[in-house]
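Colleague: Have a look at this prediction, sequence included:
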Amino acid sequence: MRCPCCGFGMSEVVYEGVHIHSCGGCGGEFLGGEELAHIVRVREMTFCQAIIDEMAEREPAFGLPEEEADNGVECPACGECMDVINYCVDTGIVVDRCTECQGLWLDNEELEKVQALMERWQDEAPAKIRGVADELAAVRKRSEAGVQVSRFAFVNALIDRIARAA
């Protein structure tokens with residue numbers, strides 16, 4: 001398999017318990033969606049402080065930067081043109097995904113950035129859920145006391161029920 005960016009031969013390596021293809025030239029990596037999901041769930045790797053710091057400061061970013069929008073590369077597995085996507089819609093980490101074989105191309109250090117960001121979000125989620133649950137409980141109390149509650153509060157109450165079920 002050849003790297004779609006630099007043409008260098010890629011080697012198969014085991015990373016966090018799954019097989020991925022890595023380019024020794026540019027550092028890019030090719031893997032399947034299931035492999036990436038596994039990698040995100042497993043927390044074996046540690047990251048350099050620069051990546052941790054960069055991901056700690058990252059805020060949600062929707063869409064694609066103009067310079068990235070038309071940079072799709074050829075899939076190294078099947079040769080189809082890959083779509084450029086914002087990983088998980090709002091991470092701001094731009095990756096390439098093959099619509100034919102579902103493979104993912106990540107440029108140098110993007111896999112580590114995905115992992116570090118997802119780990120940060122997973123670590124912060126319980127506190128954020130507790131904060132939202134407290135706000136929803138206050139709205140529920142006002143509603144039960146007969147205070148006029150907006151539709152927004154009703155939607156929040158539904159989200160609370162979903163969060164409790166999870």
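Modeller: Everything's here; your move.
Colleague: Wasn't E59 part of a strand?
Modeller: No - using DSSP: H, G, I helix; E, B strand; the rest coil, the secondary structure at E59 is coil, not a strand.
Colleague: Please report how far it lies from K128.
Modeller: Applying CB to CB, to the nearest Å, the value for E59 to K128 is 14 Å. From N, CA and C alone the C-beta is placed, and that goes for glycine too.
Colleague: Please say which of these two ends up with more neighbours.
Modeller: Comparing E59 with K128 by other CB atoms under 10 Å, the one with more neighbours is K128, at 10 against 6.
Colleague: How about the contacts made by that one?
Modeller: Not one residue lies near K128 by CB atoms under 8 Å, 6 or more residues apart in numbering.
Colleague: which residues of this structure fall in helices?
Modeller: Assigned by DSSP state H, the helices in the chain fall at 33-41, 49-57, 110-144, 151-165.
Colleague: export those to JSON lines and tack on distance to C101 and mean pLDDT?
Modeller: Output for the helices of the chain, formatted as JSON lines (distance: least, CB to CB, whole Å; pLDDT from 0 to 100):
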{"stretch": "helix 33-41", "distance to C101": "10", "mean pLDDT": "89"}
{"stretch": "helix 49-57", "distance to C101": "28", "mean pLDDT": "82"}
{"stretch": "helix 110-144", "distance to C101": "18", "mean pLDDT": "83"}
{"stretch": "helix 151-165", "distance to C101": "34", "mean pLDDT": "72"}
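Colleague: Of all the ones you listed, which one is nearest C6?
Modeller: Closest approach to C6 among the helices of the chain (CB to CB): helix 110-144, 15.1 Å.
Colleague: for that closest one, which positions count as buried?
Modeller: Neighbour counts over helix 110-144 (16 or more other CB atoms under 10 Å) mark E110, L111, E112, K113, V114, Q115, A116, L117, M118, E119, L136, V139 as buried.
Colleague: Any chance of a markdown table for these, columns distance to L31?
Modeller: Rendered in a markdown table, the data for the buried residues of helix 110-144 read as follows (distance: CB to CB, whole Å):
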| residue | distance to L31 |
| --- | --- |
| E110 | 11 |
| L111 | 8 |
| E112 | 13 |
| K113 | 15 |
| V114 | 11 |
| Q115 | 12 |
| A116 | 17 |
| L117 | 17 |
| M118 | 15 |
| E119 | 18 |
| L136 | 39 |
| V139 | 43 |
